[in-house]
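J.: sequence first, predicted model second:
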Amino acid sequence: MAYSILVVEDEDSIRKFVKINLERAGFIVQEAATGEEAIEIARKEKFDIVVLDIMLPGIDGYQVCKTLRSEFPQLGIIMLTAKSQDIDKIMGLEFGTDDYMTKPFNPMELVLRVKSLARRMETVEGENQQILIYHPFKIDVYSRKFYKDEEEMELTPTEFAIAKLFLENPGKAFKRDEILNIVWGYDFIGDSKIVDVNIRRLRSKIEEDPSKPYYLETVWGIGYRWRD
């Protein structure tokens, strides 16, 4: 399957460079130079992943991310930032990005990140009829749908992968590095805080009181565990 990527970057040289490298890796790539253009294109055509710069003319990448995430919950989003402060990275993650990269970056690392995200969005052969049930939750692996009390809940690709991991292993405590390796892949190079932010986002959707999680527990000094 050839994944369709939208690259949103106002600097022509960077945008073209990213496009060339992604196309060499076998992806179908389109471009947008502004946030407004990106949203317009995304509403007209179907994309699997968006590579999104934060600093854009007009509406910034955060607002673009928020808009795309609300309209296309299963869209994969990787955010690019020229800033290295943690607050910028975390803000992007809170808005719903699956991953982030700080400029300047190695184009091959970006390709690896896109491939890693694409893997999270794939249905593995043999899983076609797999249904995971842990009352009141249910995951349909083939259709990549998540339900609570039979009501479908919209999860990002990364949130879905994390939920699937825990429902397949109730009672097992996972270290943050284990979650990184399984969900993001062994080629991930980044901050393990990305796990905590995605766990927090997932809790906000599935828990009655996210500040006092019942299902997705914190195992102090280790990581996280799904209540068995």
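T.: All right, it came through fine.

J.: can I assume Glu208 sits in a strand?
T.: No - counting by DSSP: H, G, I helix; E, B strand; the rest coil, Glu208 is not found in a strand; it is coil.

J.: neighbours of the closest residue to it other than its chain neighbours, how many?
T.: Of all residues not flanking Glu208 in the chain, Tyr214 sits nearest, at 6.9 Å (CB to CB, 6 or more residues apart in numbering). Where you see a C-beta, it was placed from the backbone N, CA and C, and this is true even at glycine. Tyr214: 12 surrounding residues under other CB atoms under 10 Å.

J.: I'd say Tyr214 and Ile206 touch.
T.: No - Tyr214 is beyond contact range of Ile206, at 9.3 Å (criterion: CB atoms under 8 Å).

J.: phi first, then psi, for the residue nearest to Glu208.
T.: Dihedral angles of Tyr214 (phi, psi; degrees, to the nearest 10) stand at phi -100, psi -40.

J.: next one: Pro107
T.: phi -60, psi -30.

J.: that one: what's it in contact with?
T.: Phe17, Val18, Asn21 (CB atoms under 8 Å, 6 or more residues apart in numbering).

J.: centroid-nearest residue for this structure?
T.: Central residue of the chain (CA atoms, centre = their mean): Asp98, 2.3 Å from the mean position.

J.: which residue comes closest to that one once chain neighbours are left out?
T.: Spatial nearest neighbour of Asp98, excluding adjacent residues (CB to CB, 6+ apart): Thr158 at 4.3 Å.

J.: can you count the residues close to the one you found?
T.: Neighbours of Thr158 using other CB under 10 Å come to 26.

J.: residue contacts, it?
T.: Shown in contact with Thr158 (CB under 8 Å, 6+ apart): Asp98, Asp99, Leu117, Arg120, Val183, Trp184, Asn198.

J.: what do you get for Phe72?
T.: By CB under 8 Å, 6+ apart, Phe72 lies in contact with Ala42, Phe47.
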